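Participant: need coordinates for the following:
(chains A, B and C)
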Amino acid sequence: MTIFIIQVLNSLFYAAVLFLIAAGLSLIYGVMRIVNLAHGTLYALGAYVTAWLVGSAVGHAMQGTLGLVGLLLLLPVGAVAIAAVGAVIEPTLLRPLYRRPEEYHLLITFGLLMILEDAMKLLFGGTPLNAGAIMDRMGSIPVGRFLYPGYNLFVIVIGLLAAVGLWWFIYRTKFGVILRATSQDRRMAAALGLNVGRVYVQAFAIGCFMAGLGGAVVVPAQAAVLGMGVDALILSFVVIVIGGLGSLEGALVGALIVSFVRTAGIQFFPEIELAVLYLIAAAVLMIRPTGLFGRA
Amino acid sequence: MTMASKETGPSAARLLIAAFLILAALAAVPYVADIYQTQLLTYGLVFAIAALGFNLLLGYTGLLSFGHSAYFGTGAYAVAFVVRDLGMHSMELCILGGLAATLLVAALFGYVCVRHTRIFFGILTLALSQVLWSLAFKFFWVTGGTDGIRVASNKLTLLGGLIDFQGRGAFQRFVFAYYYYVLALFALSTILMWVIVHSPFGKALQAIRDNETRASFIGIPVKRYRWIAFVISGSFAGLAGILWVPLNGLTTPDILYWPFSGEIVFMTVLGGFRTFAGPIIGAVVFNYLKTYAVASSEYWQLLLGLVLVSLVLALPAGIVGTVRNLYVRFARRP
Amino acid sequence: MTLLETVHLKKYFGETRAVDDVSLTIAEREFISLVGPNGAGKTSLCHVVSGFLRPDSGQIIFQGQEVTRATVPERVRAGIARSFQLVNLFDDLTAFDNVALAIFSREGKTRNMAALAHLDRAVTDEADAVLGQFGLAGKRNEIVRGLAQGERKLLDVALAYALRPKLLFLDEPTSGVSTRDKGQIMDTIASVVRSEGIAAAIIEHDMDVVFKYSDRIVVMHQGAILAQGTPDAIRNNDEVAMILIGSSGPDAFTRKD
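Facilitator: Below you'll find the predicted structure:
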């Protein structure tokens, strides 16, 4: 029973991270109709940047003055850094391609993936970077006869807050209305006086922020390693396929499904755990191509 | 961006002459270049076959697959299994076995994928190729896992046993003979593909690419033809994988992993996916690019990524496409 | 001889009754026009008959065979072809290739991947003939994307015609075309259709065109057939005049200029 609870908690933890990544990807697609193949790599970059910050002089200073809170504050800083990267990427690489067929943005983001993967290797080296300091300081909660990391629970809460926050942001704020209008009809939005270019950059930056936050949030529990970006990308594709491109609820539900299937898979069928996930994605695409919550 | 119409009389003759000259030049290579260069070009020709097949889907049918590594890898692993588990030595049998396996996989995957287009098609092809990769990776007692399976060239025979690679100087003889073997199959593949794209079926594919609704309304069974194109495309990639293994001596899960699919896309775009010859040129050039990039820097992926990004921004028509556009523009001058 | 018969055809989009219990017959060689205000259901009816949309209920019977559930290619093979209001062509191919494709498809030759397309004399000759019939011979080798709107419209119809259908459904073949070209296009279409004995159903807004060419006019309103009859009968139908023009009386359909 205890093991079961722990597995559930692990799944929720993982789902929170996946949700952050997938929601970012979905948001960008929903507004701009762009699939960013480098999205997973941005997640990895978020992890690396955050881990680096925590382990650096800045991190030590924060830890010295504000303790745990200081370190936790570095998490959104990491995410903002990735948002900044996104704000540079959109006007330079994506904007020139809007009039061209969509294959082109797949190609250019694939090139971006290659560049960023090696850039990370260049900047941070080949050894894994971790931010264990945060995890250590958050202690553990007893679950049955096991001790469960308090940090994981913290992440689950973050995931929930992010889901609610994003929902509120998109459906209850003025900027959210602008986002939705632009995603439904770009030309109409422009005709109504909206600065579509600015909306795009902002939407893209927010999506990258989400990816970066996912990385920032995961790195205290799991060290940043090369290749984590590519793995995450494929998984977030599976999440999006199941949940539906462009849908916030879909990203949440998809993340939960993928996460639980993956945990169960690792527990019971470790060899084919990945294969099972991809097969589920394929099955969903066959039966309900727009995903559970996607728009046609 | 248009497909060049090469049907008219004079162009056809010029085309044949050009093709003959290129073939002759290629045939001379082992005599003028060293073993390493010959081997390198053999790799280039192998990838050219894969890119040629890939472009039937992208350039002619309008479907961007990010999962072609699946068919290349199926071909490669099939050869490895035929040699290791069935004890066969004949390259011809390897080709037959490999093509059969690839056909099966491509037919199955294609059936699933062609029901969708654009992004979903791409994601689906990616997901399915990842299924294969994860199987090759995890079932290490069958596939050798990350160590892969070795296929030594001295175990193989060409032309039904006429040519073998035992004894002294075997490696040089292998590189030499295998180059011509691959060249012959490359020439055959090119001719086959050329006929296909200029056939009524090829035209129907282009119609589907341009306007699938109208294609349906002139009576073309869109999904079925996409599926057939998919199977042909996968088979070419499979043939490339089959020919690649003896050259590489080893097959690992890396060639099933999706970045390799990305390389196939890269090659095709580099050469120009709206032309017939583009993928061929692109594959050969990319092969040189990657080899020298890998040799010169640990961060070769960064270099290649920069090349791809520049390509998409500045030269979307690729090498051959840009050359053709320039030619057309200069040919118009009075 | 009845060629096409729709029986209580219905297509609803939620509350909107795009096709509301339409029972229509078209005879062989008949030239009918479908008219009505925007949103009357003309294009929806065309979509349902041609197979672009599935009806919610009702039947479509073509030459005695039920085609209600048939796929689009099956209907094309049976002899129903259509053109599109918003031109739908193969933009990156030449005008010649566009027409040749329709012929290859009709002849069941598109599955052939072992022969070179341009060597099939029968098809290439016929494609040239069709282009000639539609006055597009001069644009044979032009990439379609670059053609003028009137030419594209004609090519759109030529593509449907090249299928040698028994029934040709044309959705606003002259819309978006200048008045001067309209007459020419309709003359071409009408003469080709009449000489080959093809039944035609034309969706059209220009009443001059409608009165000039139709054997029968079918007036639709809010998804249903309001009235149908010969041009004279329709001309004298006050209710129709109210719906279409907004006024009635003997001169309702006469141009006041």
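
Participant: how much space separates whichever residue of chain C sits closest to chain A from chain B?
Facilitator: The minimum distance from chain C to chain A, using C-beta to the nearest C-beta, falls at C:Asp92 (11.4 Å). (Each C-beta comes from the backbone N, C-alpha and C, glycine too.) Relative to chain B, C:Asp92 is positioned 5 Å away (C-beta to the nearest C-beta, to the nearest Å).

Participant: need the three-state assignment for that residue.
Facilitator: Here C:Asp92 is recorded as coil under DSSP: H, G, I helix; E, B strand; the rest coil.

Participant: how many other residues sit next to it?
Facilitator: Using other C-beta atoms under 10 Å in any protein chain shown, C:Asp92 has 19 neighbouring residues.

Participant: correct me, but it touches B:Asn211?
Facilitator: No. When contacts are counted by C-beta atoms under 8 Å, C:Asp92 is not listed as touching B:Asn211 (9.4 Å).

Participant: for stretch C:91-99, measure first residue to last.
Facilitator: 12 Å (C-alpha to C-alpha, to the nearest Å).

Participant: touching that stretch from outside, list them.
Facilitator: B:1-3, B:5, B:203, B:206-207, B:209-211, C:89-90, C:101, C:124, C:127-128, C:130-131, C:136, C:139-145, C:147, C:151, C:155, C:158-159, C:162 (C-beta atoms under 8 Å, 6 or more residues apart in numbering or on different chains).

Participant: strands along the chain, start to end?
Facilitator: As the question left the chain open, I've gone with chain A. Ranges of strands in chain A, per DSSP state E, are A:140-143, A:146-149.

Participant: can you look at chain C instead?
Facilitator: According to DSSP E, the strands that chain C contains are C:2-13, C:16-27, C:31-35, C:57-62, C:65-66, C:80-82, C:167-171, C:199-203, C:216-221, C:224-229.

Participant: so for B:Tyr36, which of those strands sits nearest?
Facilitator: strand C:80-82 (60.2 Å; C-beta to C-beta).

Participant: and that closest one, which strands flank it?
Facilitator: strand C:167-171 (parallel) (DSSP bridges).

Participant: might one say that A:Leu9 is in contact with A:Gly150?
Facilitator: No. A:Leu9 is beyond contact range of A:Gly150, at 11.1 Å (criterion: C-beta under 8 Å).

Participant: just grab the bridge partners of the most centrally placed residue in chain C for me.
Facilitator: Closest residue to the average C-alpha location of chain C: C:Leu170 at 1.4 Å, with C-alpha atoms, centre = their mean. Note on C:Leu170: beta-bridge partners C:Ile202, judged by DSSP bridges.

Participant: got the contact list for C:His47?
Facilitator: C:Leu53.

Participant: sorry, slip of the keys, the one I care about is A:Ala133.
Facilitator: A:Val54, A:Gly55, A:Gly59, A:Gln63, A:Leu71, A:Pro220.

Participant: in helices, which of those fall?
Facilitator: Here DSSP state H is the test, and the contacts of A:Ala133 give A:Val54, A:Gly55, A:Gly59, A:Gln63, A:Leu71 as lying in helices.

Participant: in ChimeraX, how would I select the buried members of those?
Facilitator: Buried subset of the ones in helices among the contacts of A:Ala133, written as a ChimeraX selection, criterion 16 or more other C-beta atoms under 10 Å in any protein chain shown:
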select /A:54,59,63,71
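
Participant: okay, the ones in helices among the contacts of A:Ala133 in a markdown table with distance to B:Ala100 next?
Facilitator: Below are these laid out as a markdown table (distance: C-beta to C-beta, whole Å):
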| residue | distance to B:Ala100 |
| --- | --- |
| A:Val54 | 54 |
| A:Gly55 | 54 |
| A:Gly59 | 58 |
| A:Gln63 | 62 |
| A:Leu71 | 58 |
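
Participant: mind giving me JSON lines with the ones in helices among the contacts of A:Ala133 and columns for distance to chain B?
Facilitator: Formatted as JSON lines, these follow (distance: C-beta to the nearest C-beta, whole Å):
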{"residue": "A:Val54", "distance to chain B": "26"}
{"residue": "A:Gly55", "distance to chain B": "23"}
{"residue": "A:Gly59", "distance to chain B": "27"}
{"residue": "A:Gln63", "distance to chain B": "33"}
{"residue": "A:Leu71", "distance to chain B": "31"}
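
Participant: burial measure for residue 38, as a count.
Facilitator: Assuming you mean chain A. 28.

Participant: that's the wrong chain, I wanted chain B
Facilitator: By other C-beta under 10 Å, neighbour count at B:Thr38 equals 19.

Participant: is the helix or strand where it lies in proximity to chain C?
Facilitator: In this assignment (DSSP states H and E), B:Thr38 forms part of helix B:35-55. No. Helix B:35-55 does not reach chain C (C-beta under 8 Å from any C-beta of the partner chain); its nearest approach is 13.8 Å.

Participant: show me what the next helix or strand after that helix is packed against.
Facilitator: Using DSSP H and E, the helix or strand that directly follows helix B:35-55 along the chain is helix B:69-85. Applying 3 or more C-beta pairs under 8 Å, 6 or more residues apart in numbering or on different chains; DSSP states H and E, one finds that helix B:69-85 makes contact with helix B:91-113, helix B:118-138, strand B:149-150, helix B:222-248, strand B:250-251, helix B:258-271.

Participant: return the residues in contact with the nearest residue to C:Val193 once chain neighbours are set aside.
Facilitator: In space, C:Val193 comes closest to C:Ala200 once its chain neighbours are excluded; the distance is 4.8 Å by C-beta to C-beta, 6 or more residues apart in numbering or on different chains. For C:Ala200, the contact set (C-beta under 8 Å, 6+ apart) comprises C:Glu30, C:Phe31, C:Ile32, C:Leu167, C:Leu168, C:Phe169, C:Leu170, C:Ile189, C:Val193.

Participant: reformat those as TSV; add distance to A:Phe293 and pLDDT.
Facilitator: Output for the contacts of C:Ala200, formatted as TSV (distance: C-beta to C-beta, whole Å; pLDDT from 0 to 100):
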residue	distance to A:Phe293	pLDDT
C:Glu30	49	92
C:Phe31	49	93
C:Ile32	45	93
C:Leu167	42	94
C:Leu168	42	94
C:Phe169	37	93
C:Leu170	40	93
C:Ile189	47	87
C:Val193	48	89
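
Participant: buried subset of these?
Facilitator: Using 16+ other C-beta under 10 Å, the buried members of these are C:Glu30, C:Phe31, C:Ile32, C:Leu167, C:Leu168, C:Phe169, C:Leu170, C:Ile189, C:Val193.

Participant: pLDDT below threshold where in the stretch 151-257 of chain C?
Facilitator: Counting by pLDDT under 70, the stretch 151-257 of chain C contains low-confidence residues at C:248-252, C:254-257.

Participant: all good on my end, thank you.
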